[in-house]
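> Sharing a model that was predicted from the sequence below.
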Amino acid sequence: MKTKGKILFYNDQNGIGLIITKEKEKIKFNVEDWDDFEITPHVGLEVQIIKENEEEQKIISFDSSLNSNSDDDKNFTNATSKLKEYTSQKYIDKELSKTDREIEKIVKNSNNSFLQLDKSITLTKTIIESMQEYFTNIEEEIKKREGYKKVDGRLKYSLAKRFLWTTFNNLQDIDPHVITLRIKSISKDLLFMSNISDDFTKKLKYPTQTFHDVFLVYQTQYNIVKKLTEQSLEKLDMLREKEKRLELQKEKTEKDLKTTKDKKQRLILQEKYKKLNGSYADTVHVIGKLQEEYLFNSKRLQEFEIKYQKQFNQEFQTKAKKYHYFLTDILNAQAFLLDSLLWKEAHSSQPIRKYLKELSFDVEFNTKSYLKYFLNTLDEGKSTQQSKELFELYEHLKEMQQEYILLVFASTEDLLEYQSCIKTMIKDFSIKSFTDELAALKWSLKNSVKFIILEEQLNVSSATKFLDLYHKNILSKPQIILLSHSHNIHSKEYKITRFLQPGVTPQILASTILEVSNGC
C-alpha cells in the first residue's frame, strides 16, 4: 500500500522522525525505513510510504518516485544552476505575496504558543472594584444635582419626553426669546442626564453586554487571551486560504510533471513541487497548532466568564436599583422644571399668545392644555402607538396637575359654608379657599385652577383688580363665577362666565359650577 505524506519532524542524530499523511494520519519512522539514496530525510520533504506489511515500511522522497528517468551529473548540475536563477526570479519574488510572507512569520513564530501561558485566567479587578469604577461616575453626576430634590413637582420624563421636546421646539420656532439662558442650561443638562439614564437602562436590560462593559473590560489577562484568540482566528482563515491555494498549485504541478518530457523543464517542475510541498506541509502543521491554541484559549475564556458572570449580574442588579431611582427622580424633576419655566416664558411672549389665541381650541398656558388641543386634532379612527402614548401622558398630567376650584371671599363664615357644600356635590375637582387675595395668588402660581368663585368686593381689592393680577402672574385660564349685584363688571383679560347674586345658596352655586363644567 502506498501513501503520500510529509516529514513534520526529523532528528538527524538518532534518525527518528514523524510523517503526516495526506489523510492527516501521523506515522513514526526511523532511518532504517529510509530507502532513498538520492536525498536525506529532512523536515518539509514530501515522501511516499510503501507498506510491506504491518511491521515493515519503506520511505522514499516523492521526487524520486516521480523522477524515474535520472539525469547524468553534468546535465543535473547545469539544470540546477539555471533552476536557481529561475526560481529566485520567478517564484520567490512573484509567488511569495504579502499574505505568504505573513504566513511565513506565523510559521516562524508558532513556537511561541499558548503552552507558555497559565492555564487559568486571573482577576485584575474584583467584581466590587469593577462595579465601583462604573458607579463612581454616576454617583458624581447625581451628587452634582442634589439641588433638584428641592423642586416641588415631578413630570414623568419617560412618558413626556417626546411631547416635551416637541413643545420646546414649537415654542422656540414661534418665539426664540422664550429660550432663556436658564431654560437653555436646564434643557442641555436634561439631555445629558437622559443619555446617562438611557445607557444605564440598557445595562439593566442587557446583562451579558453589561458584564463585558463593566467587568471584563478591566480584566487585563482575559483581554490578552481574547486578543490572542481573535488573532488565531484571523491566522487560521489566512492559512486555510493558503492551504487551498497550495493544494491547487501542487495538483497542477504534479499534472505538468506527468506530461512534460523535457528534462530541464522536469527539473524545474520538480524543484517547484518540492517547494510547494514543503510550504503545504508547514501550513498544515501550523493550522493544527493554531486550531489547538484557539480551542485551548476559547475554553479558558469560557471558564472565566462562567465563574464570574452570575455573581456579577446579581450584585449589579441589586446595586443598580438605588441609582436607577435617583436618576429617574432627577430626570422627572428637570422635566417638570423645564416645562414650568417654558410655559412661564410663553405666557409673557406676544407672538406665542397671539398664536394660541388663533387656535380653534381655547388653550391655557400649560402642557396639559396644549396636549389636549393636539389630541383633539388627531384622527380618532387612526390609533397608533404614538397616539396611545400621548393619551397616557394626558392622563398622567391630569393626575399630576390636579384641577382646583378656587374660592376667594371676604367673609370666612360664608367661605366655609360654600366650601363644604361644593366639596359634597362636586367630586371631579379639589377645593381651595382664601380670604387673603395675595395668598390666593401665591398658591395659584403652583396649581391648576379650573374655576374661580369670588365676590365683587374682597378684603383688600376688588374682583376686577384681583383678576387682572391673576392674569398677569398665572398661566391658567379659568372659568369665573362672580357674586355681584351688577352684571356690568368686566376684567380687561377675562370674560366672566356666570353672574350670581350675593348670598346665593351653596346648592345653587355648586349646581352652577357643575352646569358650566359639563358645558366646557
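Okay, I see it. Numbering: from 1, shown residues only.

> Neighbours of Leu45, how many?
Neighbour count for Leu45, taken as other Cβ atoms under 10 Å: 23. Just so you know, the C-beta spots here come from the backbone N, C-alpha and C atoms, and that holds for glycine as well.

> Arg154 - that's part of a strand, no?
No: if the criterion is DSSP: H, G, I helix; E, B strand; the rest coil, then Arg154 is coil and not within a strand.

> Assign Gly288 to helix, strand or coil.
helix.

> That one: neighbouring residues, count only.
14.

> so how far is Gly519 from it?
88 Å (Cβ to Cβ, to the nearest Å).

> Low-confidence stretches in the protein?
Applying pLDDT under 70 to the chain flags the ranges 13, 37-38, 63-118, 360-364, 379-383, 475-476, 520.

> residue ranges for the strands of it, please.
Here the chain has its strands, by DSSP state E, at 2-11, 16-21, 26-30, 46-51, 57-61, 403-408, 430-434, 448-455, 479-483, 498-500.

> Output those as a markdown table; include the columns distance to Thr464 and mean neighbour count.
Listed next are these as a markdown table, based on distance: least, Cβ to Cβ, whole Å; neighbours: other Cβ atoms under 10 Å:
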| stretch | distance to Thr464 | mean neighbour count |
| --- | --- | --- |
| strand 2-11 | 106 | 17 |
| strand 16-21 | 106 | 18 |
| strand 26-30 | 107 | 15 |
| strand 46-51 | 111 | 20 |
| strand 57-61 | 118 | 20 |
| strand 403-408 | 13 | 23 |
| strand 430-434 | 17 | 17 |
| strand 448-455 | 10 | 23 |
| strand 479-483 | 9 | 21 |
| strand 498-500 | 13 | 16 |
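
> Redo those strands as JSON lines? Include distance to Phe296.
Putting these into JSON lines (distance: least, Cβ to Cβ, whole Å) gives the following:
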{"stretch": "strand 2-11", "distance to Phe296": "20"}
{"stretch": "strand 16-21", "distance to Phe296": "20"}
{"stretch": "strand 26-30", "distance to Phe296": "19"}
{"stretch": "strand 46-51", "distance to Phe296": "30"}
{"stretch": "strand 57-61", "distance to Phe296": "32"}
{"stretch": "strand 403-408", "distance to Phe296": "70"}
{"stretch": "strand 430-434", "distance to Phe296": "72"}
{"stretch": "strand 448-455", "distance to Phe296": "69"}
{"stretch": "strand 479-483", "distance to Phe296": "80"}
{"stretch": "strand 498-500", "distance to Phe296": "88"}
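
> just so I know, which of the ones you listed lies nearest Ile128?
strand 448-455 (47.7 Å; Cβ to Cβ).

> Report all helices and strands that that closest one contacts.
Counting contacts by 3 or more Cβ pairs under 8 Å, 6 or more residues apart in numbering; DSSP states H and E, strand 448-455 packs against strand 403-408, helix 463-473, strand 479-483, helix 506-519.

> so how far is that strand off the chain centroid?
50 Å (Cα atoms, centre = their mean, to the nearest Å).

> Give me the sheet partners of that strand and which way each runs.
strand 403-408 (parallel), strand 479-483 (parallel) (DSSP bridges).

> residues touching the residue nearest to Asn332 when sequence neighbours are not counted, list them.
Excluding the flanking residues, the one nearest Asn332 by Cβ to Cβ, 6 or more residues apart in numbering is Arg154, at 4.1 Å. Taking Cβ atoms under 8 Å, 6 or more residues apart in numbering as the criterion, Arg154 is in contact with Asp329, Asn332, Ala333, Ala335, Phe336, Met400.

> circling back: do you know which of the helices and strands packed on strand 448-455 lies nearest Leu181?
Ranking those by their distance to Leu181 (criterion: Cβ to Cβ) puts helix 463-473 first, at 21.9 Å.

> list the buried ones in the closest one?
Ala463, Thr464, Phe466, Leu467, Asp468, Tyr470, His471 (16 or more other Cβ atoms under 10 Å).

> from the residues you listed, which is closest to Glu315?
Nearest member of these to Glu315, counting by Cβ to Cβ, is Tyr470, at 54.9 Å.

> wait, the closest one sits on Ile452?
Yes: checked against Cβ atoms under 8 Å, the pair Tyr470 and Ile452 is within contact range at 7.3 Å.

> related to what we said a few turns ago, distance to Glu243 and neighbour count for the contacts of Arg154 - can I get that in TSV?
Output for those, formatted as TSV (distance: Cβ to Cβ, whole Å; neighbours: other Cβ atoms under 10 Å):
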residue	distance to Glu243	neighbour count
Asp329	61	17
Asn332	62	21
Ala333	64	22
Ala335	62	25
Phe336	67	21
Met400	69	17
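
> Identify those among these that sit within helices.
Asp329, Asn332, Ala333, Ala335, Phe336, Met400 (DSSP state H).

> Tell me who's in contact with the first one.
For Asp329, the contact set (Cβ under 8 Å, 6+ apart) comprises Tyr148, Lys149, Arg154.

> Need those residues in TSV (columns: distance to Ile196).
As requested, these are exported to TSV (distance: Cβ to Cβ, whole Å):
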residue	distance to Ile196
Tyr148	14
Lys149	18
Arg154	18
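
> Of the contacts of Arg154, which is the nearest to Ser486?
Nearest to Ser486 among the contacts of Arg154, with distances taken as Cβ to Cβ, is Met400, at 38.8 Å.

> That closest one and Gly147, how far apart?
Met400 is 21 Å from Gly147, by Cβ to Cβ.

> do you know which of the strands of the chain lies nearest Gln302?
It's strand 26-30; of the strands of the chain, that one is closest to Gln302 (Cβ to Cβ) at 28.5 Å.

> who does the closest one pair up with?
Under the rule (DSSP bridges), strand 26-30 has strand 16-21 (antiparallel) as partners.

> Now do the partner strand against strand 57-61: the angle between them, please.
80 degrees (axes from the mean of the first three to the mean of the last three Cα atoms, to 10 degrees).

> which residues are in contact with strand 16-21?
Residues contacting strand 16-21 (Cβ under 8 Å, 6+ apart): 3-11, 26-31, 41, 47, 49, 59, 281, 284-285.

> let's see 6 Å
Residues outside strand 16-21 that contact it (Cβ atoms under 6 Å, 6 or more residues apart in numbering) are 3, 5-10, 26-30, 41.

> now these as TSV including distance to Gln132?
Formatted as TSV, the contacts of strand 16-21 follow (distance: Cβ to Cβ, whole Å):
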residue	distance to Gln132
Thr3	62
Gly5	58
Lys6	56
Ile7	57
Leu8	51
Phe9	52
Tyr10	57
Lys26	52
Ile27	58
Lys28	57
Phe29	61
Asn30	63
Pro41	62
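
> number of nearby residues for Ile138?
18.

> Can you give me the distance of the residue nearest to it when sequence neighbours are not counted to Leu337?
Nearest residue to Ile138, sequence neighbours excluded (Cβ to Cβ, 6+ apart): Tyr323, at 5.4 Å. Look at Tyr323 and Leu337: by Cβ to Cβ, they are 21 Å apart.
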